[in-house]
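Novice: One predicted model, sequence on top.
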Amino acid sequence: MGTPQQQEDRLSPPEAKWWVDGQRIRHKGFWFKPEFITASEAIRAHYTPLPSDIILASFPKTGTTWLKALTFSILRHSSTIHDDRDHLDNLNPHEVVPFLEIELFGENPSKDTTKISCPRVFNTHLPLSFLPDTVMTSGSKVIYITRHPADTFVSLWHLYNNKFGTEISIQEAFDDFCKGIVPAGPYFEHVLEFWEARDRDGVLFLTYEELKGKPEENVKRIADFLGCKTMVEKVVKECSFENLRGASKETGEGVHWSGTKYKMFFRKGVVGDWKNHLTQEMMKELEDIAEMKWRGSGLDL
Ligand code: A3P
């Protein structure tokens, strides 16, 4: 039941089956599996952010794994925050930073997070509007990472093809991406929500491209934002694509909650791979959508 808007949001049109992986529903304008919506409601009801909490937020395939590793490593090598985290050689970044909507409130809607040692580091693919308002007022820190939509889409397309062993035509997948009918989509609205919060204390807006271009400078930026001194060069090296990919091979066939093998989170790790897959017309389409949806926000491609 619910209001007409809620009913409309819960309609699951045939095209929302993407991409072989079960049902999706639209909730408050974003597409998710129904269990993520339930979890987001539990988060709003039961998660109390602490001033020391660190929330890593992202749209899928924009550098989530890298940001988890970097944050973990920054804290581990911090001389100002006491932290006894294990070495990343022994762990996958997804094992060390839990998703709010999956490992925590997805598994147990009234999860008691008070036992987790501080600083607690969480991760989410939920849009800002799905999180409790107190995330912005409690003094906790939010780091959002984003990436050019063309590379984000290509990374997503590869993941789904590899994961399900099904060749989805790039055009079909691209059309879904442009319409926003992808996990956590639409991409453009997801980014915009965090962009509009970027000037607030406690929000750091980062891009994958900045991190690739100037890793030391941006690791320092993250560490400063977290209020800690860390071993910048060591962190950059420990979290390099080659290092993390190598470690994920060592841990072999380890599987992430989504059924994705850990090693699938390390594909190419470059900027501009879209040129090998998308046409100039497709790029123009993304630019036009960005221009339309981000107009006046100061955000552009
Ligand atoms: P590609 O598929 O373009 O290679 P997410 O972690 O959000 O799922 O994003 C995955 C993307 O980040 C993949 O992009 C992956 O290769 C890349 N990636 C993972 N670890 C990285 C690292 N340490 N440095 C740079 N890119 C990394």
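Specialist: That came in fine, so what should we check first? Residues are numbered from 1 along each chain as shown.
Novice: what bits of the stretch 51-200 of the chain have low per-residue confidence?
Specialist: Scanning the stretch 51-200 of the chain for pLDDT under 70 picks out the ranges 80-91, 163-166.
Novice: so Lys212, which of the three states?
Specialist: helix (DSSP: H, G, I helix; E, B strand; the rest coil).
Novice: Now do the same for Glu172: helix, strand or coil?
Specialist: Glu172 - assigned by three-state DSSP - is helix.
Novice: quick one, helices of the stretch 1-150 of the chain?
Specialist: Residue ranges of the helices in the stretch 1-150 of the chain, as given by DSSP state H, counting those that start in this stretch, are 4-10, 34-46, 64-76, 93-96, 149-164.
Novice: mind checking which of those is nearest Lys261?
Specialist: With respect to Lys261, and counting by Cβ to Cβ, the nearest of the helices of the stretch 1-150 of the chain is helix 149-164 at 8.3 Å. (Glycine included, C-beta is placed from N, CA and C.)
Novice: From the contact counts, what lies against the closest one?
Specialist: Using 3 or more Cβ pairs under 8 Å, 6 or more residues apart in numbering; DSSP states H and E as the contact criterion, the elements in contact with helix 149-164 are helix 170-179, helix 187-196, helix 280-294.
Novice: In JSON lines, list the ones you listed along with distance to Val142 and mean neighbour count.
Specialist: Putting those into JSON lines (distance: least, Cβ to Cβ, whole Å; neighbours: other Cβ atoms under 10 Å) gives the following:
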{"stretch": "helix 170-179", "distance to Val142": "25", "mean neighbour count": "18"}
{"stretch": "helix 187-196", "distance to Val142": "8", "mean neighbour count": "20"}
{"stretch": "helix 280-294", "distance to Val142": "20", "mean neighbour count": "14"}
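Novice: hang on, the earlier thing: tell me the most buried of the helices of the stretch 1-150 of the chain?
Specialist: Here the criterion is mean neighbour count by mean count of other Cβ atoms under 10 Å, and of the helices of the stretch 1-150 of the chain the winner is helix 64-76, at a mean of 25.
Novice: Now that one - C-alpha only, CSV.
Specialist: Extracted in CSV, the C-alpha atoms of helix 64-76 (Å, rounded to 0.1, in the frame of the first residue of the first chain):
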residue,chain,number,x,y,z
THR,A,64,35.1,2.2,-3.4
THR,A,65,37.7,-0.6,-2.9
TRP,A,66,40.6,1.8,-3.3
LEU,A,67,39.1,4.3,-0.9
LYS,A,68,38.4,1.6,1.7
ALA,A,69,42.0,0.4,1.5
LEU,A,70,43.4,4.0,1.7
THR,A,71,41.4,4.9,4.7
PHE,A,72,42.3,1.7,6.4
SER,A,73,45.9,2.1,5.7
ILE,A,74,46.0,5.8,6.6
LEU,A,75,44.6,4.9,10.1
ARG,A,76,46.9,2.0,10.4
